[in-house]
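Asks: could you look at this predicted model? Sequence included:
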There are 2 protein chains.
Amino acid sequence: MKLFLYLLICSSLISLNAQKLQSPDKNLQITFLLSEKGEAFYTLNYKNKNVVQNSKLGFIINTDTSFFDGFKVQDIKYSSSDTIWDPVWGEQRTIRDNHEEMMVYLEQVQTGYKVNIRFRLFNDGLGFRYEFPVQEKLHSFRINEELTEFNLARDDKAFWIPSDYETNEFSITTSKISEVSSLIDKVRKEPLPSNAPSKTLAVQTPLMLKSANGLYINIHEAALVDYPAMHLNIDDKNYKLSANLSPNRNGEKAFVRSQMKTPWRTIVVSDDARDILASKLILNLNEPSKIEDTSWIKPMKYIGVWWEYFIGSGASWAYSDDSNIIIGETDYSKLKPNNHHPANTKHVKEYIDFASENGFDAVLVEGWNEGWEDWAPYEKEKIFSFTKAYPDFDVEELQNYAKAKGVKIIMHHETTSSVNDYERQLDDAFSFMTKHNYNAVKTGYVGPIIPRSEYHDSQWMVNHYNFVAEKAAKYKIMVDSHEAVRPTGRSRTFPNWIAQESARGTEFESVEGNKPEHTTILPFTRLMGGPMDYTPGIFQTDLSVYGKNKSRVRTTLVKQLALYIAMYSPLQMAADLIENYKKRPDAFQFIKDVAVDWDNSYILEAEPGDFITIARKAKNKNEWFVGGITDENERTATINFSFLPKGKKYEATIYEDGEKADWKTSTIDYKISKQTITSNTVLKKKLAPSGGIAVSIKEIK
Amino acid sequence: MKLFLYLLICSSLISLNAQKLQSPDKNLQITFLLSEKGEAFYTLNYKNKNVVQNSKLGFIINTDTSFFDGFKVQDIKYSSSDTIWDPVWGEQRTIRDNHEEMMVYLEQVQTGYKVNIRFRLFNDGLGFRYEFPVQEKLHSFRINEELTEFNLARDDKAFWIPSDYETNEFSITTSKISEVSSLIDKVRKEPLPSNAPSKTLAVQTPLMLKSANGLYINIHEAALVDYPAMHLNIDDKNYKLSANLSPNRNGEKAFVRSQMKTPWRTIVVSDDARDILASKLILNLNEPSKIEDTSWIKPMKYIGVWWEYFIGSGASWAYSDDSNIIIGETDYSKLKPNNHHPANTKHVKEYIDFASENGFDAVLVEGWNEGWEDWAPYEKEKIFSFTKAYPDFDVEELQNYAKAKGVKIIMHHETTSSVNDYERQLDDAFSFMTKHNYNAVKTGYVGPIIPRSEYHDSQWMVNHYNFVAEKAAKYKIMVDSHEAVRPTGRSRTFPNWIAQESARGTEFESVEGNKPEHTTILPFTRLMGGPMDYTPGIFQTDLSVYGKNKSRVRTTLVKQLALYIAMYSPLQMAADLIENYKKRPDAFQFIKDVAVDWDNSYILEAEPGDFITIARKAKNKNEWFVGGITDENERTATINFSFLPKGKKYEATIYEDGEKADWKTSTIDYKISKQTITSNTVLKKKLAPSGGIAVSIKEIK
């Protein structure tokens, strides 16, 4: 673990202080060294293959002060840790945190400025962060640039979305690093509610890479707090990636101080793609829960008044078509209702009934509150009331009705990114929620931000999302944030921040669509940071049945079922209209049965962009579920049931694509069968193009 | 009143719809007309002299849509009003609102956009504003430019400070309009905590003008709500002023909507300078109090731990010299105290004792709360706690001590313009105040603003100041805001917003200084919008007695007394150290006696930049006070006591400059005498250079 090697790593770098550290299983090795100029570099190897090499560390601070050279190593300390901890919810009941640590204490000789770099090496990858100790000459200062490099030095295949400080809802592109520059402009043309593309050639994290030398590499960050989100610049001549911190509109990046620690920069790596999905490295690098009593935090399966807004049936979030409203002044009882407002008491009761009858925990209702008549973002501050319901939405009646039926209503706070106003209303909004028995809120951040200096990914907004999660915890409220900065494992620390969207979700199927491979990539990219409220479960994949919308969901029906397993989330929606579930109770049975919290998970098959097959054991129950998905190509999934306890018999209910199933022509073609299996069973099942396989398993007593 | 004149006003303007309106006393006349192109103009005359002529009205909206031409007049409505109302506090017990109104309904033919212009003509001037009615084609939109002109067409003498969206703490310059451009750069060089100079040649309002044709003209605005502050562009070829709305850092000006009304644009005018000071036009254009029970709002005279921070005696707001603090994390009890922190329990008790003994209502304490060790603005968000006192400031002990002595402590909230963080703490901060018996807060906004898109004068910040005043009212807290946007009479609507600084105050006497004429101009400029917490009362004018600070207050001692009358405020500080008052109990008696709320006020003499003499009758008491001040020139003030009720005798205590008194050489030279007077008495008294005269009067029973 503590090898001191004095080697010439590379002709241009004289290793004054080369330090090495190995992972517990010795597969990973990191080398830290200073160049002749006192520049800090690190190299990461996996089974003697290079992951990243000679990658710079450091900053430019304040206006133009170099804080990346002239370093000397003051001290180095090593430590080991092997602990286990239990997440409040998750893919596993217990998580092991086994790592070797190397803390490098650096001082810039000329200035006396100090920075420490803490490296933690796990069997599944590396995390490192900068820590600014208390020091005499540096107190509050600015990060002008973070120079952290991930020097691949190979033209790896990347699964990427373009850097944009406002949005992460792009389609994912698969290409070599060298091809990004020729493809990025087209991707960026996709219409999204707000955009702030990086000036440099850059992509977002979590970035998934597949290297020519057979490695799967994921680059992201952990514990993003009081710092901007990190995107990655691409030097496509040298195949070098480097930190691209989200600025604010003024071009300012991070305002920091001594005693602060940057987020962890993470590299998850393996030669088996399944290890990437199984990695808990990012959670391990986050702080333990700051919420003491977590008994009120519960994974949930829900339905809601939502999909009908997207399908083109004319439903409106707004109660009235009169857009001359002023929040706090307009008397809504005097407005003419538009009569195509589904968030009304009667309709919501139908949802509550259906949820109750089918074992759902909750009903989301969007469009319940005043303001949707004129909700264009950025142009005004007071857009929504979060305490005033529309006249046709009877808060108390629904509260009582839901309670009697044993169902929760999920609150909806679309802010349209009028964030200052949201903060002003926050205590009232949360008090309103607790008063009316809501225990979870879906927040939304559509469009450009107010404060008008900020982007979705800038430091100020990062603080805002954390602020909301923390305040919500005080009210015992769970948060599901949409259009926020992508997660970085922060839900370990605030497990009430139960899910996020922060990527291209199902609603895009109602417009430009999601590529068949989309959900085979997301677990390798977006989901590395935390669960996604992807809202699967669309049975009626052809939207033209509703009217003018000619879009179609680009999967088979069975793939929609499989997503409940392939795309982990403690918050899972059955997103389709009730009527479509009522039409197909046989397929719907899987959604009714599927768990949302797990004792264990087994990544059976995985290749980013191609396929994923995962099995999971329900928490505290002898029930297992398997979900397999494929991209636009049909394939045969191999399900090895060896994860089941040996010596017992199980009944497997198998939901598979029908013979003619195909996402382009015949999506609603499926067959359901039952079969007795054991831990020795291996099933091979054909998945249609953009198809899936879903299995529910019960022990036979 | 309702004269329809169809005249050719000017060769370039064909009056399609010239409308006239006269003030109740017929001295003022406004003409509204449309040009051939459908452009709207107004002209204002006073006693047949031109005040402003052919001044454009209108906007550019959204990116570049003209909303100033192609108008047709849809309707015109006239009305009259003559009412009286009683302010909660003020210079008069009763205020008369007597005006003629003309409402012009305009429609832009091509677009169908509608805007109404409401003109109100008082005997003392004009107010007009734009009102956007509910309309089909215009809902939420942006004001790109407001084009409102004040076309003087004369090279008037102006009393101006440069346009700067961040600060109004400049020295006031007196020059012709044509000279501004050659002087403005030098004025702008003065070091102030933050700057955002306008790109165009522009000055701030309230702008005082003295015209070659013998008129005194004041241009400002009333009821600034949800709109940026208006500065004034100067076209110094044509002597035309025009609205220069404070942008935010993105260059955006106002985000508005139909149903909104702009602030009133005001022109107070007379041929007698005293009428300008007596004008209540701006208050009349504000909405009545929105606070129903105003019994808790009380004018106050106070002392405080304040001046000692400026005089160079080494006192520090901070408790410790260790600037490595983190708000909410640092344990202050473990920090090493610097022992030069006057906001400590013992010292504050001395202030409470002195306040109690001398009839002061309150004691301000700055430096009581955590955060001053590292309070640089803009660089971090969490700068101050507003609920955590320093270890040497015992909140409960002082609360009890002050209560026993019948004195209030005034809370201090320096935000260093970290406004988002202040808003997040606001409810806790106000709850803390009510819990600990504070009923007034001095707020501070030093340095550039967070949200980092904003300036002190931008729309967002205007909303913030209003938000604080409104929220404070809910807690029955009075607000005295420093470094905020200058007032516009809003204290009529929220009379708990009892005073502001928003101009160059006494603390500048400890650095570059205030010119002797400064306080003879402020009542004509800054004070037109509302009372100023100028903090007069400095007896020890030579600061070199304390140590290294070589500055001196540029007035005589008696002028400091006279300021309590010349500079109206319901919140008046005796700003000097206690020890200096103890040394001169004879002069201090005036400060002890002087009232802070009034039944009536009498402007006896006034000339902007030269002199002001004012008499006031204390509210509900048969006591009168006179204050006279002069600029750098000595003069003889004439005090005609005809304002006193006839047929009675009064004892006047006269505080006047001594023979050798001079602000440069001998400031602490004064004499005090008593004299019996009646309403027939006329006194002529010599004022020293930058000297004053102060008189207190009691009825002899």
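Replies: Now that the structure is in, tell me what you want to look at.

Asks: what's the offset of stretch A:500-517 from the middle of its chain?
Replies: Taking C-alpha atoms, centre = their mean, to the nearest Å, the mean C-alpha location of stretch A:500-517 is offset from the chain mean by 13 Å.

Asks: from one end of it to the other, what's the distance?
Replies: One end of stretch A:500-517 sits 21 Å from the other (C-alpha to C-alpha, to the nearest Å).

Asks: and it, what's buried?
Replies: A:500-510, A:514-517 (16 or more other C-beta atoms under 10 Å in any protein chain shown). All C-beta atoms are positioned from the backbone trio N, CA, C, and that covers glycine.

Asks: what does stretch A:282-301 give?
Replies: A:Ile282, A:Leu283, A:Asn284, A:Leu285, A:Asn286, A:Ser289, A:Ile291, A:Ile297, A:Lys298, A:Pro299, A:Met300, A:Lys301.

Asks: and stretch A:612-627, how far out from the chain middle?
Replies: Offset of stretch A:612-627 from its chain centre (C-alpha atoms, centre = their mean): 21 Å.

Asks: put the alpha carbons of that stretch into PDB.
Replies: Written as PDB, here are the backbone C-alpha positions of stretch A:612-627 (Å, rounded to 0.1, in the frame of the first residue of the first chain):
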ATOM      1  CA  ILE A 612     -28.600  -4.400 -19.300                       C
ATOM      2  CA  THR A 613     -30.100  -7.300 -17.300                       C
ATOM      3  CA  ILE A 614     -30.400  -6.900 -13.600                       C
ATOM      4  CA  ALA A 615     -32.000  -8.900 -10.800                       C
ATOM      5  CA  ARG A 616     -32.900  -7.600  -7.400                       C
ATOM      6  CA  LYS A 617     -34.300  -9.000  -4.200                       C
ATOM      7  CA  ALA A 618     -37.100  -7.000  -2.600                       C
ATOM      8  CA  LYS A 619     -36.300  -5.600   0.800                       C
ATOM      9  CA  ASN A 620     -37.500  -7.800   3.700                       C
ATOM     10  CA  LYS A 621     -39.400 -10.100   1.300                       C
ATOM     11  CA  ASN A 622     -38.500 -13.300  -0.400                       C
ATOM     12  CA  GLU A 623     -39.400 -11.800  -3.800                       C
ATOM     13  CA  TRP A 624     -37.100 -11.200  -6.700                       C
ATOM     14  CA  PHE A 625     -37.500  -9.200  -9.900                       C
ATOM     15  CA  VAL A 626     -35.500  -9.300 -13.100                       C
ATOM     16  CA  GLY A 627     -35.500  -6.700 -15.800                       C
END
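
Asks: pLDDT of that stretch, averaged?
Replies: Averaged across stretch A:612-627, pLDDT comes to 98.

Asks: again, but for stretch A:220-238
Replies: The model assigns stretch A:220-238 a mean pLDDT of 98.

Asks: which parts of the stretch 451-600 of chain A are strands?
Replies: Secondary structure of the stretch 451-600 of chain A (DSSP state E, counting those that start in this stretch): strands at A:478-482, A:497-500, A:571-573, A:598-607.

Asks: these into a markdown table, with extra columns for mean pLDDT?
Replies: A markdown table is the format used below for the strands of the stretch 451-600 of chain A (pLDDT from 0 to 100):
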| stretch | mean pLDDT |
| --- | --- |
| strand A:478-482 | 98 |
| strand A:497-500 | 98 |
| strand A:571-573 | 98 |
| strand A:598-607 | 98 |
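
Asks: so which of the ones you listed is the most packed in?
Replies: Among the strands of the stretch 451-600 of chain A, strand A:571-573 has the highest mean neighbour count (mean count of other C-beta atoms under 10 Å in any protein chain shown), at a mean of 28.

Asks: domains of chain A?
Replies: Residue ranges for the domains of chain A, per automatic domain parsing: A:13-272, A:300-502.

Asks: adding distance to B:Phe141, write the ones you listed out as JSON lines.
Replies: Putting the domains of chain A into JSON lines (distance: least, C-beta to C-beta, whole Å) gives the following:
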{"stretch": "domain A:13-272", "distance to B:Phe141": "19"}
{"stretch": "domain A:300-502", "distance to B:Phe141": "8"}
